[in-house]
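Student: what shape does this take:
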Amino acid sequence: MSGHSKWANIKHRKSAQDAKRGKAFQKYIRAVMVASRNGGSDIAMNASLKSAVERARGANVPVDTIEKAIKKGSGGMDGVSYEEMSYEGYGTGGVAILVDALTDNKNRTASEIRFLFSRAGGSLGEAGCVSWIFQRKGSISVIGKGLNEEELLMACLEAGADDLENNGQDYSVICDPALMSQVREALISAGYAVEGSEMVMVPKTTVEVKTRAEAEKILRFLETLEDNDDVQNVHANFDIPDDIMEEIAG
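Tutor: This next block holds a predicted model:
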């Protein structure tokens, strides 16, 4: 999972850079609007909205823009109806891929996702073909230089977390989604700097990627999926060795 975590970390930095240029604003705003519409505008009572807001803030979306999106969502979004969709399939080397999307046109989005899978040499499958490989978890990002990893791990376990992943520049605390707020508050109380939290799909099994060429092909495909306007998240079960991932990141 280390290679996968590094990719997630790279994605986070890239999305923040893209958002500064205005490229990704609409995705984050749309997610906030839909979460507000589905669960209400009270962040304290709406875990999905809280996650969407934190992702938007992490990508430097202005606070006033987020607030307007919450109000617009809770007010019905001016007649615009977005649906949450999932697409499942396989990429190069049998890597399982799960795509989360928000769309106002299911036929358009399905056609675009199918085309992207086909162009990359992958295959789009039926509902349920890969979702069983993934498990929904809460992920809390802890930042800070010179942290004692053993002490942080103990604090995480005492708070009820399942695991701790070292991403190189930060840490991901993995926990049961129902315990995410509890773990987050416990870490903050213990003096740790929590950057954000969100729901993630963690693979139960992984597919090892053995060459740089294969790794670059997979990552290009995933980035192409994420560049689609309707796609919110892309989950995959690859495991790229640290040395290959560091070459690519460099």
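Student: burial measure for G160, as a count.
Tutor: Using other C-beta atoms under 10 Å, G160 has 14 neighbouring residues. Quick note: C-beta positions are derived from backbone N, CA and C, even for glycine.
Student: cool, and L179?
Tutor: L179 sits with 15 neighbouring residues when counted by other C-beta under 10 Å.
Student: got the CA positions of stretch 143-154 in CSV?
Tutor: Extracted as CSV, the C-alpha positions of stretch 143-154 are listed here (Å, rounded to 0.1, in the frame of the first residue of the first chain):
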residue,chain,number,x,y,z
ILE,A,143,1.0,16.7,9.3
GLY,A,144,4.1,17.9,11.0
LYS,A,145,7.9,17.6,10.8
GLY,A,146,9.8,15.3,13.1
LEU,A,147,6.9,13.4,14.5
ASN,A,148,7.6,10.2,16.5
GLU,A,149,5.8,7.6,14.4
GLU,A,150,5.6,5.1,17.2
GLU,A,151,4.0,7.6,19.6
LEU,A,152,1.6,8.7,16.8
LEU,A,153,0.6,5.1,16.1
MET,A,154,-0.1,4.5,19.8
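Student: quick one: buried residues of it?
Tutor: Residues of stretch 143-154 classed as buried: 152-153 (neighbour count, 16 or more other C-beta atoms under 10 Å).
Student: going forward, begin numbering at 20 instead of 1
Tutor: Done: numbering now begins at 20, and the last item shifts to stretch 162-173.
Student: can you tell me what sits against it?
Tutor: Stretch 162-173 is contacted by residues 161, 183, 185, 188-190, 211-214 when judged by C-beta atoms under 8 Å, 6 or more residues apart in numbering.
Student: flag the least confident of those.
Tutor: Within the contacts of stretch 162-173, the minimum per-residue pLDDT falls on Q188 (79).
Student: hey, C-alpha coordinates of the helix or strand hosting N252 in CSV?
Tutor: Counting by DSSP states H and E, the element that carries N252 is strand 250-255. Provided in CSV are the C-alpha atoms of strand 250-255 (Å, rounded to 0.1, in the frame of the first residue of the first chain):
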residue,chain,number,x,y,z
VAL,A,250,-15.4,12.2,-11.9
GLN,A,251,-15.0,12.9,-8.2
ASN,A,252,-12.7,10.1,-7.0
VAL,A,253,-10.8,7.2,-8.5
HIS,A,254,-9.8,4.2,-6.4
ALA,A,255,-7.4,1.5,-7.6
